[in-house]
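S.K.: test case, fold it:
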Amino acid sequence: MRVVVVGGGFGGLAAAVRLAKLGHAVTVVERAPTVGGALSEVTEDGFSWDAGPTYTLLPAVVRDLFRKSGRPVERELELVPLDLVREHRFEDGSSVRVATGRAAQLAAFEELGAGLGRRWVDYVESYADDWDVLRRTYLENPWDPAAPSRLLDGREMLHKRLKKAFKDERLRLVAGHPFVAEGHELRNVPAWLGVTAYVEQRFGAWTVEGGMHRLGAALADRLATRGVTTVTGTEARDLVIREGRVTAVRTATGDLDADAVVCAIDPRGLPTLAPYVERTMPAIPPVVVHVGLSGEAPDLPHELVLHGDPMLVVRRSGDALTVHGRGRLSEDILRALARHRIDVRAQVAARVDRSPRDQVELWGSSPMGVRWQGRGTVRRRLGPRTPVAGVYAAGAHATPGAGIPFVGLSAALVAAEIGPA
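M.R.: Numbers count the residues shown, from 1 in each chain. Here you go, the predicted model:
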């Protein structure tokens, strides 16, 4: 079967290599000059940074992807566990270092205040059953959006769950920060998404030796290994539908015939699919600044979250820092960072600034996917199936959502739906 994958980000690449291994003739169409999307590298004056994520949860998703598309990941990349996931610093001067595992987190939060360790691990463990349900009925198997779900249809929002669980605001900030960092308001995030804390504690956080961009590069290489045709620098303009079924993808240079199409971009980019997602909106990316430093870099963990308004997230790799900003950024982001006693302004040897708009224009859509707007959002996403026969959806804007684990699972769901050639 001829399959055209629209979009060469992680979701598109993951879907393409899986489908090629299943025997399909696959073509990837990407508007940018190269594939990889947010899993790419930024370079400037001899410095380099990951353009997007610097680590991932659920390494089994990456391992399964490589195993199901050819060689095991260990033959091409080195997945490295992060013993210390991140440090949180609060406005009152206190801090907590979040490591992997129940015992380590119990001890860390207990240092933050007597009894807080027990409160934290009880909160995390309250999601054990939810994780099992989500894994079986939503994440690893295609689901029916029309079917009722006790969990996915729950009315409780995360901000209420956190208020019930914690009197200490600092614990609420730690539990809520992954969603705030991705551009969501906690009052609009379903409570079941708190399962992220359980996944992080149980399975840990992992990075790739040499940078997460190497994951994108390895998948790009696998396209060639699996005989996938890659068409870059070409924008898909719409789908060609005949008798209710997709027959081709329309591009600026002509139509690409297809028996099936995988939409791995924001569906708004394809007029045929846009009406089905008009009730959703993309999450706004943060302000991003990459800086390369001369001299000795500050002693920082892999990821540091500085709570306040604005909230700053600092990621370090050697002498290179990436700073994300959320909230009221009325001054240069490095000046805001200096207010937290991390002043690197005199050491800046290279700098790359990317506004939210820059990122959307660079990658064609928000890498943060769909913004949470209450419990109904989960049913407004497309994927793995869509209402158009022969069209499937993967990537950050599809089911089950943004982030390397969710996007990787979306590709696996699409491959399962299409099946072997």
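
S.K.: shaky segments in this structure?
M.R.: The chain contains no residues with pLDDT under 70.

S.K.: scan it for its longest helix.
M.R.: Ordering each helix of the chain by length in residues (DSSP state H) puts helix 404-418 first.

S.K.: just give me how far that one sits from the chain centre.
M.R.: 13 Å (CA atoms, centre = their mean, to the nearest Å).

S.K.: for stretch 222-235, same thing?
M.R.: Remark: stretch 222-235 is offset 22 Å from the chain centroid, using CA atoms, centre = their mean.

S.K.: give the buried residues for it.
M.R.: Residues of stretch 222-235 classed as buried by neighbour count (16 or more other CB atoms under 10 Å): 222-223, 226, 228, 230-231, 234-235. C-betas here are computed from N, CA, C, even on glycine.

S.K.: I'd say R237 and T251 touch.
M.R.: Yes: the pair R237 / T251 is scored as a contact, 6.2 Å apart, by CB atoms under 8 Å.

S.K.: the two: which has the busier surroundings?
M.R.: When neighbours are counted by other CB atoms under 10 Å, R237 and T251 differ, and T251 comes out ahead with 18 against 13.

S.K.: narrow the buried residues of stretch 222-235 to those in strands?
M.R.: The strands, defined by DSSP state E, take in 230-231 from these.

S.K.: export the buried residues of stretch 222-235 as TSV, with columns for distance to D257.
M.R.: Conversion of these to TSV gives the following (distance: CB to CB, whole Å):
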residue	distance to D257
R222	24
L223	19
R226	20
V228	16
T230	17
V231	13
T234	15
E235	18
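
S.K.: closest one of the buried residues of stretch 222-235 to E200?
M.R.: The nearest member of the buried residues of stretch 222-235 to E200, counting by CB to CB, is R222 at 27.6 Å.

S.K.: residue contacts, the closest one?
M.R.: 13, 17, 66, 69-70 (CB atoms under 8 Å, 6 or more residues apart in numbering).

S.K.: ditto for A338
M.R.: 344-345 are the contacts of A338 under CB under 8 Å, 6+ apart.

S.K.: cool, and S48?
M.R.: With CB under 8 Å, 6+ apart, S48 has these contacts: 41-42, 211, 320.

S.K.: and for the spatially closest residue to G117 that is not a sequence neighbour, the neighbour number?
M.R.: Of all residues not flanking G117 in the chain, E110 sits nearest, at 3.2 Å (CB to CB, 6 or more residues apart in numbering). Using other CB under 10 Å, E110 has 17 neighbouring residues.

S.K.: element containing E110, please.
M.R.: E110 belongs to helix 102-112 when assigned by DSSP states H and E.

S.K.: so which bits of that helix are buried?
M.R.: Applying 16+ other CB under 10 Å to helix 102-112 flags 104-106, 108-110, 112 as buried.

S.K.: show me what that helix is packed against.
M.R.: Judged by 3 or more CB pairs under 8 Å, 6 or more residues apart in numbering; DSSP states H and E, helix 102-112 is in contact with strand 95-99, helix 116-125, helix 169-181.

S.K.: apply 6 Å and report the result again.
M.R.: With contacts taken as 3 or more CB pairs under 6 Å, 6 or more residues apart in numbering; DSSP states H and E, helix 102-112 sits against strand 95-99, helix 116-125.

S.K.: give me the residues contacting it.
M.R.: Helix 102-112 has contacts (CB atoms under 6 Å, 6 or more residues apart in numbering) with 96-97, 116-117, 120-121, 201.

S.K.: will you turn the residues you listed into CSV that also has neighbour count and distance to L273?
M.R.: Below are these laid out as CSV (neighbours: other CB atoms under 10 Å; distance: CB to CB, whole Å):
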residue, neighbour count, distance to L273
V96, 24, 43
R97, 19, 44
L116, 20, 46
G117, 20, 47
W120, 27, 41
V121, 18, 43
Q201, 22, 37
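
S.K.: now do the domain split for the chain, please.
M.R.: Split into domains by automatic domain parsing, the chain comes to 2-78+209-283+366-418, 81-207, 287-361.

S.K.: the residue lying closest to T229 once chain neighbours are set aside: neighbouring residues, count only.
M.R.: Distances taken as CB to CB, 6+ apart put T27 closest to T229, at 4.3 Å, once the chain neighbours are dropped. A total of 20 residues lie near T27 under the criterion other CB under 10 Å.

S.K.: just checking, what packs against whatever helix or strand T27 lives in?
M.R.: If you go by DSSP H and E, T27 is part of strand 25-29. Using 3+ CB pairs under 6 Å, 6+ apart as the contact test, the elements touching strand 25-29 are strand 2-6, helix 10-21, strand 229-231.
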